[in-house]
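Q: Sequence and predicted structure are below.
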Amino acid sequence: MKSAAENELPGSISANEPSNVQGSARFSPNSECRVDLTRPSSVCIWAEQGFIVAYHRAEKLSYHLRDMDATAEMPDAMEIIYQKALTIGTSGVVDEYMENEGSEAASYSKATVLLSFIVEEATNLPLNPPFSLTPAEKKRIQTYINYLQTHQSQFLTSAPFPKLSADSPTK
């Protein structure tokens, strides 16, 4: 494992350290102080400093990317979305069992949206190579969506309606 000093580019600042533009540390993009937006000079200094920090971070990242193995595989975005949907859906089931009704509904809704994206939208994205689902995969994901929607609708129909107080207006 390389030390922080070995990871630095020659003549560059650390990606985690704010640089000082015109010797003014008080305008650091990472600092907690506020920039006086009514003074163009302070906004300019703050923006310049932010740009320089971002530039050095990008430079440092590009330096490390050159050292990467060209055969390394990128993670499959659709697989990541699918796994996240399953994790969130599982969390919804746990919330249902633990009777965490607000969390349950949110988890079921999020998982449904992610899985629906994979089935309905992802195949239309201009990806290289193109994303596609086999009929069996599409059917399996649709089964998960139906399961989540069934549990969500059961929750919505079993949830008690809020009681109206005597002070609340009625139509």
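A: Looks like it arrived, so ask away.

Q: When you work out contacts or count neighbours from here on, use the C-alpha atoms and nothing else.
A: OK.

Q: would you put the C-alpha positions of the helix or strand residue 114 falls within in PDB?
A: Element membership for residue 114, per DSSP states H and E: helix 101-116. Only the C-alpha atoms of helix 101-116 are listed here, as PDB (Å, rounded to 0.1, in the frame of the first residue of the first chain):
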ATOM      1  CA  GLU A 101     -44.800   1.000   8.500                       C
ATOM      2  CA  GLY A 102     -43.300   4.300   7.100                       C
ATOM      3  CA  SER A 103     -40.000   2.600   6.300                       C
ATOM      4  CA  GLU A 104     -41.800  -0.400   4.800                       C
ATOM      5  CA  ALA A 105     -43.700   1.700   2.300                       C
ATOM      6  CA  ALA A 106     -40.700   3.800   1.300                       C
ATOM      7  CA  SER A 107     -38.500   0.700   0.800                       C
ATOM      8  CA  TYR A 108     -41.200  -1.100  -1.300                       C
ATOM      9  CA  SER A 109     -41.600   2.000  -3.400                       C
ATOM     10  CA  LYS A 110     -37.900   2.600  -4.000                       C
ATOM     11  CA  ALA A 111     -37.300  -1.100  -4.900                       C
ATOM     12  CA  THR A 112     -40.300  -1.000  -7.300                       C
ATOM     13  CA  VAL A 113     -39.000   2.100  -9.100                       C
ATOM     14  CA  LEU A 114     -35.500   0.600  -9.500                       C
ATOM     15  CA  LEU A 115     -36.700  -2.700 -10.800                       C
ATOM     16  CA  SER A 116     -39.200  -0.900 -13.100                       C
END
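
Q: so after it, what's the next helix or strand?
A: With secondary structure assigned by DSSP H and E, helix 101-116 is succeeded by helix 135-158.

Q: what bits of this protein have low per-residue confidence?
A: 1-34, 69-72, 74, 158-171 (pLDDT under 70).

Q: Would you mind finding the longest helix in the protein?
A: When the chain is scanned for its longest helix (criterion: DSSP state H), the result is helix 40-66.

Q: elements contacting that one?
A: With contacts defined as 3 or more Cα pairs under 8 Å, 6 or more residues apart in numbering; DSSP states H and E, helix 40-66 has no helix or strand neighbours.
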